[in-house]
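Trainee: Fold the following for me, if possible:
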Amino acid sequence: MNISREKIQQFHEREDIAQDMNKAWENHSDFLKRFPFRENPDSIEELTKERLWKTGSKESFFYWLQYPLGWLGRYTVWGQWLDSACEQIDFFKELIKQVVDDSKSLSEKVDLPCEKISGFGGDKHIAKKIISVYYTEEVIPIFKTENLEYFAEQLGLNFEDEAHEKCNKGYSDLSCGEKWELFNNILLQEKEKMNEMKDWDNALFVRFLYEEYSPPKPMEVKAGLLGKVGMLFEPANEMGVICLFSMHHRELGFPYILKIRTTYPDAIVIDEDGEPQKIEFEYVASNFKQHGHDPEKFDYIICWKNDIPDVELGPKVIELKGLIEQLVNA
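Mentor: Residues are numbered from 1 along each chain as shown. The predicted model follows:
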């Protein structure tokens with residue numbers, strides 16, 4: 001593990017970190033008194049919907065997980081997901097009983113059917129957080145698999161080889177829970193190799209990783225002209241024109257679309273007078289002539305750019321670029 005001992009020392013001596021972590025562990029002790037589910041599994045039956053989650057309440061199980069215990073593993077959960085858990089309180093309690101069952105492995109706990117509760121599936125951050133607060137010494141509280149992969153790479157750990165060696169299968173074939181257990185094992189082993197870190201609690205180690213090896217932020221997408229109307233980039237072909245027209249046909253004077261298809265005509269729509277109109281889509285208007293279309297068979301050409309005079313085409317031409325600019329700037 002190629003980490004400067006000086007950086008480790010500086011990090012460990014920071015008063016703000018010490019205060020944060022001390023408070024988090026005090027909160028953890030309080031949490032276990034309120035929700036002693038591992039020590040006393042029978043108390044799980046006392047969990048009501050209101051104790052599980054209640055908007056505005058600072059006494060609920062999920063409030064404690066996300067806020068007072070925030071420094072013991074960060075995750076974000078939305079109210080609608082919590083409402084789903086409350087609606088399935090009996091099923092949730094059965095999950096908790098298995099989460100605090102010492103006979104089950106980390107992977108078995110994560111791979112429980114959490115997805116039956118809306119919002120609890122996917123990378124299963126919520127399940128991982130619950131496990132981590134009841135097994136603080138056995139768990140590295142990082143819940144996003146992408147971040148675990150990133151940290152392992154930064155520390156020079158070959159998790160793909162570890163998957164073959166420890167699990168006897170390829171990394172991509174591991175379940176969500178198996179990946180989490182794999183990373184917990186290899187990161188704990190790496191932590192133990194450093195004399196300066198081996199006595200740290202796992203949450204402190206994780207905070208150090210996030211400060212020293214901060215994962216790259218998601219790419220910031222800078223929307224172009226069309227960002228305000230639902231597309232990030234201008235159309236680059238006829239399909240883009242069809243998509244943009246489908247999104248904004250009402251603003252363009254066609255309240256209803258009867259058909260969009262790949263044969264003549266490209267579309268049949270209803271105009272504001274209730275009359276059917278035949279449309280041909282083109283990226284640029286001049287493609288209408290190049291494609292050899294019969295102008296007598298069409299009422300409108302819808303294009304991104306009108307690059308020739310209307311009189312040369314026959315059908316009326318609607319250039320989306322200019323109209324969308326007006327829409328954006330309105």
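
Trainee: How is the protein partitioned into domains?
Mentor: The chain breaks down into these domains under automatic domain parsing: 5-212, 225-329.

Trainee: Mind putting these into TSV with mean pLDDT and mean neighbour count?
Mentor: For glycine as for every other residue, the C-beta is placed from the backbone atoms N, C-alpha and C. Formatted as TSV, the domains of the chain follow (pLDDT from 0 to 100; neighbours: other Cβ atoms under 10 Å):
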stretch	mean pLDDT	mean neighbour count
domain 5-212	93	16
domain 225-329	85	16
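
Trainee: Which neighbouring elements make contact with the longest helix anywhere in the chain?
Mentor: Secondary structure of the chain per DSSP state H: the longest helix is helix 15-34. Contacts defined by 3 or more Cβ pairs under 8 Å, 6 or more residues apart in numbering; DSSP states H and E place helix 15-34 against helix 61-66, helix 202-212.

Trainee: rerun at 10 Å
Mentor: helix 61-66, helix 125-134, helix 202-212 (3 or more Cβ pairs under 10 Å, 6 or more residues apart in numbering; DSSP states H and E).

Trainee: tell me how far it is from the chain's mean position?
Mentor: Here helix 15-34 is found 28 Å from its chain centre; the criterion is Cα atoms, centre = their mean, to the nearest Å.

Trainee: what does stretch 125-133 give?
Mentor: Worked out by Cα atoms, centre = their mean, stretch 125-133 lies 17 Å from the chain centre.

Trainee: can you check stretch 232-242 too?
Mentor: Chain-centre distance of stretch 232-242: 26 Å, with Cα atoms, centre = their mean.

Trainee: Compute the first-to-last residue distance for it.
Mentor: End-to-end distance for stretch 232-242: 15 Å, by Cα to Cα, to the nearest Å.

Trainee: do stretch 150-160 as well
Mentor: 13 Å.

Trainee: Run through who's touching it.
Mentor: Contacts to stretch 150-160, defined as Cβ atoms under 10 Å, 6 or more residues apart in numbering, come from residues 1-3, 140, 142, 144, 148-149, 162, 164-166, 170-172, 174, 179, 182-183, 185-187, 189-191, 206, 209-210, 212-216.

Trainee: which SS state does residue 304 fall under?
Mentor: Put simply, residue 304 is strand when judged by DSSP: H, G, I helix; E, B strand; the rest coil.

Trainee: gap between it and residue 237?
Mentor: Relative to residue 237, residue 304 is positioned 9 Å away (Cβ to Cβ, to the nearest Å).

Trainee: same deal with residue 75?
Mentor: Residue 75 is 41 Å from residue 237, where distance means Cβ to Cβ.

Trainee: One more: residue 69?
Mentor: Look at residue 69 and residue 237: by Cβ to Cβ, they are 51 Å apart.

Trainee: hmm, back to that, hey, what's in contact with both of residue 304 and residue 237?
Mentor: Common neighbours of residue 304 and residue 237, counting by Cβ under 10 Å, 6+ apart, are 282, 283.

Trainee: just to revisit the earlier point, which is the next helix or strand following the longest helix of the chain?
Mentor: Under the assignment DSSP states H and E, the closest C-terminal helix or strand after helix 15-34 is helix 49-52.
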